[in-house]
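In: I'll drop the sequence and a predicted model, then ask my questions.
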Protein chains: 2
Amino acid sequence: MYIVILAGGSGTRFWPLSRKKNPKQLMSVFGGRSMLQRTVERVLPLNPAHIIVVTNALQAEETARQLASLDRGTISVVEEPLARNTAPAIGLAAAIIEREDPTAVMAVLPADHYILDEEEFRATLLRAEEAASHWNLVTLGILPTSPETGYGYIEADKAGGKEGALPVRRFVEKPTREKALEFMESGNFYWNSGMFVWRTDVILDRIRTHMPDLWSGLSALNVPESTKHLSAMKEQVADLYGRLEAQSIDYGVMEKAEGVVVIPSSFGWSDVGSWSALPELLEGDEDGNVVMDASRVVSLDSRNCLVRGNDRLVALLGVRDLIVVDAGDALLVCPRERAQDVRKVVDELERRGLTDYL
Amino acid sequence: MYIVILAGGSGTRFWPLSRKKNPKQLMSVFGGRSMLQRTVERVLPLNPAHIIVVTNALQAEETARQLASLDRGTISVVEEPLARNTAPAIGLAAAIIEREDPTAVMAVLPADHYILDEEEFRATLLRAEEAASHWNLVTLGILPTSPETGYGYIEADKAGGKEGALPVRRFVEKPTREKALEFMESGNFYWNSGMFVWRTDVILDRIRTHMPDLWSGLSALNVPESTKHLSAMKEQVADLYGRLEAQSIDYGVMEKAEGVVVIPSSFGWSDVGSWSALPELLEGDEDGNVVMDASRVVSLDSRNCLVRGNDRLVALLGVRDLIVVDAGDALLVCPRERAQDVRKVVDELERRGLTDYL
């Protein structure tokens, strides 16, 4: 199996810790190794034929640096010249894999997801590999544990399932609370994890059908024989990306293609979409406060707060459900329920030209 | 007139900015000069015969440093070896003044109060000096502008007033909200500002009557002829303080003595008892946020907050009535209504032995 890791995100929702040059996937969100490093480590036991990490020019250096210690000669970093969402990134990776092994199964994994049970995750990937070998487009669908409104959903046809894979009826955008509750109760819906498994020739064929412009661009690429010489493609890729529109693989292919199946998955997953995800994933103290990387925290009459500290003392007095992130040069204070709006702070910084903090 | 400035407070309620070595009076609470410096500057136009600043050993060096630029040869710093509340501090200052001029009028002023209208303040002090010359113990009573529960009150006998001074009926401890409302409505009550004016011989006589132990200790002191040689008293003062109990002048003398009068005052006053006092004294932005000394603040959907910043960016998102104080090595986050409890954080730091932050 080939592994494609999508690591080009410019995530702003973990500001002030995440920055343009230090996005979520390169951050040590949970302490220790970065999310990208954890993503790579998580698949190493599968002995993948090749790991292709797709990133962008701004992050390429740090990405390569972080991967150096994990690389046993099977990791390649591919730079995108422009952010064009997931379809071009996946197409580019598929074109590279096709040069080596056109019928290889490839798994597409975002670099910035949290996974609790890594054994179960790998077992699920192997089930998906099996389903993909039958020419399906396979998605990993997470069994919902709450009526989340922050995720897209996949509706499956439970009656038509075979060997743990269920035919997909439809993809649904982030629902209202009411809808999300309905989805959960029906038992036919899964969270769209953005993780996919398919044969390289199959996804390229579906791109040909549903995204012909992307396909013709990819077909014209002169991919080097060895992934060691990928940098030789740089100008061609820049040309191609200049002509492409941003498009997600979900919208560009998955929602339109036939033969899409979902593997019901339950390995403990979160897309870690904002600071508020962390208190749900990490154990707090007796008052429910989650303290990360803070050398010293004093909390009095304070509950259910998240403190991401630095080298200074943080004192909380009489606060509830508050997020406090100290990034050294910048400090964020916001209620947990507003964590999704942290990107508005980033927008405001852009507007004011405070680029040092971006 | 002699001026005695009580500058020995170890105020913990402005933590993390106030520290043992940098208490409120030595802090630049309002930007620019410290509260002590402002207190001195405020009385300089009265051309006081002498300004005696009473402080403690830990703060003496910084106190002298701050006063150097203001001193025209009439400022003396007196060190207390132990904190014994206001009565010993005032008694010691009186004993020093007595050596120079036993019948001199002395005004006692805390070093850490906010005064809006300095002209009116000085005019009030002159009225108090006049009343003190008639052998009264004079207090400045602030006309209440709200039913504060954080101040002590003074009940006056309005019928018996003469030349702006009213006989005091009684001193009242911090009242309940209900009582405070009653006090305001009655029109006979004033906030006890802790500012006093009296003749040196009169206060020493009243100390003799009501605090005989303090009086005999003070009488035994061998005060040097010149205030330039006050340091020669150091051992004697240490001996004396070792034998004294802590006592406020309010409880030790004022509540018991006869001939106490109050000068109704309205120069815009606050004892600046906690961080929550500042938003009431300073003008906020259009959202009611007060930002002090913060190089950069981004506030979105945030109202009525106080940010005391440092050299880092502070971003507030969706918060209300919050106090955020960044002191470089320590950060405080608490609701405005909990500002009085900041000393509990200090207590906790003591308990944990985190002395670097005290």
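Out: Yep, that arrived. Residues are numbered from 1 along each chain as shown, chains lettered A, B, ... in the order given.
In: buried residues in stretch A:36-45?
Out: Neighbour-count burial for stretch A:36-45, counted by 16 or more other CB atoms under 10 Å in any protein chain shown, picks out A:36-40, A:42-43. For the C-beta atoms, the positions are set from N, CA and C on the backbone; glycine is no exception.
In: can I get these in CSV with secondary structure, pLDDT and distance to chain B?
Out: Listed next are the buried residues of stretch A:36-45 as CSV, based on DSSP: H, G, I helix; E, B strand; the rest coil; pLDDT from 0 to 100; distance: CB to the nearest CB, whole Å:
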residue, secondary structure, pLDDT, distance to chain B
A:36, helix, 96, 26
A:37, helix, 97, 28
A:38, helix, 96, 28
A:39, helix, 97, 29
A:40, helix, 97, 32
A:42, helix, 97, 32
A:43, helix, 97, 36
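In: Kindly indicate which of those lies nearest residue A:61.
Out: Within those, proximity to residue A:61 (CB to CB) peaks at residue A:36, which comes in at 13.3 Å.
In: surely that closest one meets residue A:59?
Out: No: proximity of residue A:36 to residue A:59 does not meet the contact threshold set by CB atoms under 8 Å, at 9.4 Å.
In: any common contacting residues for these two?
Out: A:7, A:26 (CB atoms under 8 Å, 6 or more residues apart in numbering or on different chains).
In: Just grab the bridge partners of residue A:155 for me.
Out: Here residue A:155 sits in beta bridges with residue A:170, residue A:189, as judged by DSSP bridges.
In: What's the local residue count around it?
Out: Residue A:155: 18 surrounding residues under other CB atoms under 10 Å in any protein chain shown.
In: same thing with residue A:303?
Out: 17.
In: how much space is there between it and residue A:319?
Out: Using CB to CB, to the nearest Å, residue A:303 is found at 8 Å from residue A:319.
In: Repeat that for residue A:192.
Out: For residue A:192, the distance to residue A:319 - CB to CB - is 35 Å.
In: Please apply the same query to residue A:246.
Out: For residue A:246, the distance to residue A:319 equals 40 Å [CB to CB].
In: more crowded one of the two?
Out: The residue with more neighbours, out of residue A:246 and residue A:319, is residue A:319; 24 against 13, by other CB under 10 Å.
In: show me the contacts for the nearest residue in space to the more buried one that is not next to it in sequence.
Out: Leaving aside its chain neighbours, residue A:319 sits nearest to residue A:302 (4.8 Å; criterion: CB to CB, 6 or more residues apart in numbering or on different chains). Applying CB under 8 Å, 6+ apart to residue A:302 gives the contacts A:287, A:289, A:316-320, A:322.
In: try it again with 10 Å
Out: A:287-289, A:315-322, A:324, B:333-334, B:338 (CB atoms under 10 Å, 6 or more residues apart in numbering or on different chains).
In: Likewise for residue A:337?
Out: Residues counted as contacts of residue A:337 (CB under 10 Å, 6+ apart) are A:276, A:321, A:323, B:318.
In: wait, which of those residues is closest to residue B:329?
Out: Residue B:329 lies nearest to residue A:323 out of the contacts of residue A:337, by CB to CB, at 21.4 Å.
In: For the helix or strand encompassing that closest one, name the packing helices and strands.
Out: Counting by DSSP states H and E, the element that carries residue A:323 is strand A:322-326. Other elements packing on strand A:322-326 under the criterion 3 or more CB pairs under 10 Å, 6 or more residues apart in numbering or on different chains; DSSP states H and E are strand A:290-292, strand A:306-308, strand A:313-317, strand A:330-335, strand B:322-326, strand B:330-335.
In: As a markdown table, those with mean neighbour count would be great.
Out: Listed next are the helices and strands packed on strand A:322-326 as a markdown table, based on neighbours: other CB atoms under 10 Å in any protein chain shown:
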| stretch | mean neighbour count |
| --- | --- |
| strand A:290-292 | 18 |
| strand A:306-308 | 23 |
| strand A:313-317 | 24 |
| strand A:330-335 | 24 |
| strand B:322-326 | 24 |
| strand B:330-335 | 24 |
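In: okay, the residue nearest to residue A:319: pLDDT?
Out: Looking at residue A:302, its pLDDT stands at 97.
In: what's the answer for residue A:295, then?
Out: As predicted, residue A:295 sits at a pLDDT of 67.
In: Could you chop chain A up by domain?
Out: Split into domains by automatic domain parsing, chain A comes to A:2-270, A:275-357.
In: right, and those domains - which one's nearest residue B:217?
Out: Closest of the domains of chain A to residue B:217 is domain A:275-357, at 40.2 Å (criterion: CB to CB).
In: quick one: secondary structure of residue A:168?
Out: State at residue A:168, reduced to three classes by DSSP: H, G, I helix; E, B strand; the rest coil: strand.
In: ah, wrong one, I meant residue A:88
Out: Under three-state DSSP, the three-state class of residue A:88 is helix.
In: What is the burial count for the residue lying closest to it once chain neighbours are set aside?
Out: In space, and not counting its chain neighbours, residue A:88 is closest to residue A:244: 5.2 Å by CB to CB, 6+ apart. By the criterion of other CB under 10 Å, residue A:244 has 19 neighbours.
In: got the contact list for residue A:244?
Out: Contacts of residue A:244 by CB under 10 Å, 6+ apart are A:82, A:84-85, A:87-88, A:91-92, A:211, A:213-214, A:217-218.
In: from these, which two are the most distant?
Out: Top of the distance list for the contacts of residue A:244 (CB to CB): A:82 and A:211, 16.6 Å.
In: So for those two, which sits in the more crowded spot?
Out: Remark: of residue A:82 and residue A:211, residue A:211 carries more neighbours, 23 against 15, as counted by other CB under 10 Å.
In: For residue A:5, see how far away the closest residue to that one other than its chain neighbours is.
Out: Closest residue to residue A:211 apart from its sequence neighbours, by CB to CB, 6+ apart: residue A:252 at 4.9 Å. In this structure, residue A:252 and residue A:5 are 19 Å apart, going by CB to CB.
In: If you count surrounding residues, which of those two has more?
Out: Between residue A:252 and residue A:5, residue A:5 has the larger neighbour count (other CB under 10 Å), namely 27 against 23.
In: Wasn't that one part of a strand?
Out: Yes: under three-state DSSP, residue A:5 falls within a strand.
In: Tell me who's in contact with it.
Out: Applying CB under 10 Å, 6+ apart, we find residue A:5 in contact with A:25, A:36, A:39-40, A:43, A:51-55, A:63, A:67, A:75, A:77-78, A:93, A:107-112.
In: Recalculate using a threshold of 8 Å.
Out: Counting by CB under 8 Å, 6+ apart, residue A:5 makes contact with A:36, A:39-40, A:51-54, A:109-111.
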